[in-house]
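Asks: take this sequence and fold it.
(one chain, ligands or ions: 2)
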Amino acid sequence: MAKPDAELPELPGLEVPADLLKPTTPRPARPSEPAPVPASGSEPGRPRSAEAVSTRLYKKFPVPEALAEHGPARVIAMCNQKGGVGKTTTSINLAASLADYGRRVLCVDFDPQGALSAGLGISTHNSITIYDLLIGRVQDPRQAIQQTGFEGLDVIPANIDLSAAEVHLVTEVAREQILASILRKVADDYDVILIDCQPSLGLLTVNALTASHGVMIPLECEYFALRGVALLIETIEKVRSRLNPALELDGILPTMFDGRTLHAREVLDRVYEVFGDKVFDTVIGRTVKFPDASVAGVPIVEFAPTHPAAQAYRQLARELVARGAAA
Ligand SMILES: Nc1ncnc2c1ncn2[C@@H]1O[C@H](COP(=O)(O)OP(=O)(O)O)[C@@H](O)[C@H]1O
Ligand SMILES: [Mg+2]
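Replies: Ligands and ions are numbered 1, 2, ... in the order given. A predicted model of the protein is given here:
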């Protein structure tokens, strides 16, 4: 339960290296494509109030052009070491929305809970999973890839086996680069590869960050949500300096926003203050439809396509393309 607003402590301070706040480098346009849409809007400065927040909420992005050719994929890690912030929900619905726009998308379930696999209706019992690839029991990632019921959307599933992976990998040579070398083998088959990370900053998450071009951080609009972000930013910085200099922060995605509470708006304002244009204009509201859709094993964009949350995720897909973070 949220505390009454009057009792809330000061929001924590947060320092983000300027380098991480630079806009995502747009993917070079292919000759057959029209010029890219300029990145998010032109209004100067940063939104400062709840009013500014709602202006951002209503920003529109164009439906992306169809792609004449596919691949190589841009790899994006969905990352936050806090659980229950919407990583899996975002991976599923962003992936389904991008697939709806004709993109070829591969989702990698990188959490031993297997929630992404389940949420897309994939059974992980007796399946080849990401674990088999990581430990080298299976060499070809295509053997692990499963098609979902949604055109253009494939999955490499995970199950509880993955919880043993860190122990196995610790003694491997180049243990941080194992996922990157797996994904490289199928990158040409996809436009976007989304990695749904587990809630930790351990070796698996470092593998995900090392394999990625960009990282998206879903952030619950809740008072204590900012606490862990400093550590996450530090981890991203370490991976950038030691393992993957090309890694970019694609953006912070505010999730579970409830505009009726003052503290949700205050948290959002603070996030804009710290991260500026790195915060997606799209904000995901809090809704009970998500648990319903999860139980049904389908993305909300398919389960309830006209629901505002489904519209928000389609908007996020359009925004990602407009920002140059996806094909
Ligand atoms: N915008 C939202 N509003 C309400 N519930 C949500 C929302 N997004 C996700 N949920 C629910 O919150 C729980 C945690 O979400 P999930 O995506 O699994 O988070 P994570 O992967 O970060 O642990 C799930 O039960 C999910 O259905
Ligand atoms: Mg999850």
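Asks: distance of the residue nearest the centre of the chain from T255?
Replies: The residue lying closest to the centre of the chain (CA atoms, centre = their mean) is M78, at 3.2 Å. As judged by CB to CB, to the nearest Å, M78 and T255 stand 11 Å apart. Yep, even glycine has a C-beta here, placed from its N, CA and C like the rest.
Asks: any shared contact partners between those two?
Replies: T90, P218 (CB atoms under 8 Å, 6 or more residues apart in numbering).
Asks: partners of the residue nearest to the centre of the chain in the sheet?
Replies: Note on M78: beta-bridge partners D196, M216, judged by DSSP bridges.
Asks: show me where the stretch 1-150 of the chain has its strands.
Replies: For the stretch 1-150 of the chain, the strands defined by DSSP state E, counting those that start in this stretch occupy 74-78, 105-110, 146-147.
Asks: same for the first one, what does it pack against?
Replies: Secondary-structure packing of strand 74-78 (3 or more CB pairs under 8 Å, 6 or more residues apart in numbering; DSSP states H and E): helix 87-100, strand 192-197, helix 203-211, strand 214-220.
Asks: apart from its chain neighbours, what residue comes closest to the residue in the chain that ligand 2 sits nearest to?
Replies: In the chain, no residue comes nearer to ligand 2 than T88, which is 3.3 Å away by CB to the ion. Closest residue in space to T88, ignoring its immediate chain neighbours: A115 at 4.6 Å, by CB to CB, 6 or more residues apart in numbering.
Asks: what does S91 give?
Replies: Once flanking residues are discounted, S91 sits nearest to D196: 4.0 Å by CB to CB, 6+ apart.
Asks: A326 too?
Replies: Using CB to CB, 6+ apart, the closest residue to A326 is L320 (4.4 Å).
Asks: if we can go back for a sec, go ahead and confirm the residue nearest to S91 touches V85.
Replies: No: using CB atoms under 8 Å, D196 is not in contact with V85, being 12.0 Å away.
Asks: more neighbours: which of these two?
Replies: D196 (28 against 23; other CB atoms under 10 Å).
Asks: for the more buried one, what are its contacts?
Replies: By CB under 8 Å, 6+ apart, the contact set of D196 is M78, K87, T88, S91, I92, C107, V108, D109, F110, D111, A115, L116.
Asks: contacts for stretch 139-153?
Replies: 95-96, 98-100, 102-107, 120-122, 127-130, 132-133, 138, 154-157, 182-183, 185-186, 298-299, 302.
Asks: got a pLDDT number for the nearest residue to S97 once chain neighbours are set aside?
Replies: Counting by CB to CB, 6+ apart, S97 lies nearest to A317, which is 3.6 Å off, once chain neighbours are set aside. Model confidence at A317, given as pLDDT, is 97.
Asks: could I get the buried residue list for the helix or strand containing A317?
Replies: Assessed by DSSP states H and E, A317 sits inside helix 308-322. Buried residues in helix 308-322, defined by neighbour count with 16 or more other CB atoms under 10 Å: 309-322.
Asks: contacts for that helix?
Replies: Contact partners of helix 308-322, identified using CB under 8 Å, 6+ apart, comprise 36-40, 60-64, 90, 93-94, 96-98, 100-101, 250, 253, 280-285, 287, 289-290, 299-301, 303-304, 326-327.
Asks: which of these are buried?
Replies: Judged by 16+ other CB under 10 Å, buried ones among the contacts of helix 308-322: 36-37, 40, 61, 64, 90, 93-94, 96-98, 100-101, 250, 253, 280-285, 287, 290, 299-301, 303-304, 326-327.
Asks: could you pick out the residues of the stretch 51-200 of the chain near ligand 2 for me?
Replies: With CB under 5 Å from the ion as the criterion, the stretch 51-200 of the chain comes near ligand 2 at residues K87, T88, A115.
Asks: among the residues you listed, the buried ones, what's the PyMOL command?
Replies: Per 16+ other CB under 10 Å, the buried members of those correspond to this PyMOL selection:
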select buried, resi 87+88+115
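Asks: near ligand 1, which of the residues of the stretch 51-200 of the chain next to ligand 2 show up?
Replies: Contacts with ligand 1 within these, counted by CB under 6 Å from any ligand atom: K87, T88, A115.
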